[in-house]
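Enquirer: A predicted structure for the sequence below; I have some questions about it.
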Amino acid sequence: MSPEILNGSASSVASDIFAFGITFWEVYSRLDPYDGEDFHEVLAAVKDVQRTEEKRPVIPVGCPPEMAMLMKACWHNGFRNYFTKT
């Protein structure tokens, strides 16, 4: 789930962009994001938009730079918020 959804906001363009990035990561890596990590800790970390470093999945080894850049852009709070401005 996106930080927006975890913080109580309704589904939006920003949350859809985040979900697209996660789905793209899942398709490319063929893994579950955050596999082996504590579920509650992951949700709390993703939800915390004040963190110095945003909690996101690790880009898979061998991932082409263009794909990695797209995933990271979808997960970046500032990038997603750009699309929600009217």
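Expert: Noted; the coordinates are in hand.

Enquirer: got any ranges where this structure has weak pLDDT?
Expert: Within the chain, the set of residues satisfying pLDDT under 70 comprises 80-86.

Enquirer: Give me the neighbour count for Met67.
Expert: Met67 has 15 neighbours, counted by other Cβ atoms under 10 Å. In short, each C-beta sits where N, CA and C put it, glycine included.

Enquirer: now the helices: where do they sit in this structure?
Expert: Along the chain, counting by DSSP state H, helices occupy 3-6, 13-29, 39-47, 65-75, 77-82.

Enquirer: Most tightly packed of the ones you listed?
Expert: Highest mean neighbour count of those: helix 3-6, a mean of 19 (counted as mean count of other Cβ atoms under 10 Å).

Enquirer: Nearest the middle, which residue of the protein would you pick?
Expert: Centroid-nearest residue in the chain, with Cα atoms, centre = their mean: Trp75, separated by 3.8 Å.

Enquirer: close enough to count as contact, that residue and Ser15?
Expert: No: contact criterion Cβ atoms under 8 Å: Trp75 and Ser15 do not qualify, at 11.6 Å.

Enquirer: about what we covered before: so who does the residue nearest to the centre of the chain touch?
Expert: By Cβ atoms under 8 Å, 6 or more residues apart in numbering, the contact list for Trp75 reads 18, 21-22, 54, 56.

Enquirer: does Trp25 really touch Pro33, like I thought?
Expert: Yes: using Cβ under 8 Å, Trp25 is in contact with Pro33, at 6.2 Å.

Enquirer: Overlap in contacts, those two.
Expert: Among the neighbours of Trp25, those also in contact with Pro33 (Cβ under 8 Å, 6+ apart) are Pro57.

Enquirer: which residues touch Val42?
Expert: 34, 55.

Enquirer: so how far is Ile5 from it?
Expert: 14 Å (Cβ to Cβ, to the nearest Å).

Enquirer: same deal with Gln50?
Expert: 17 Å.
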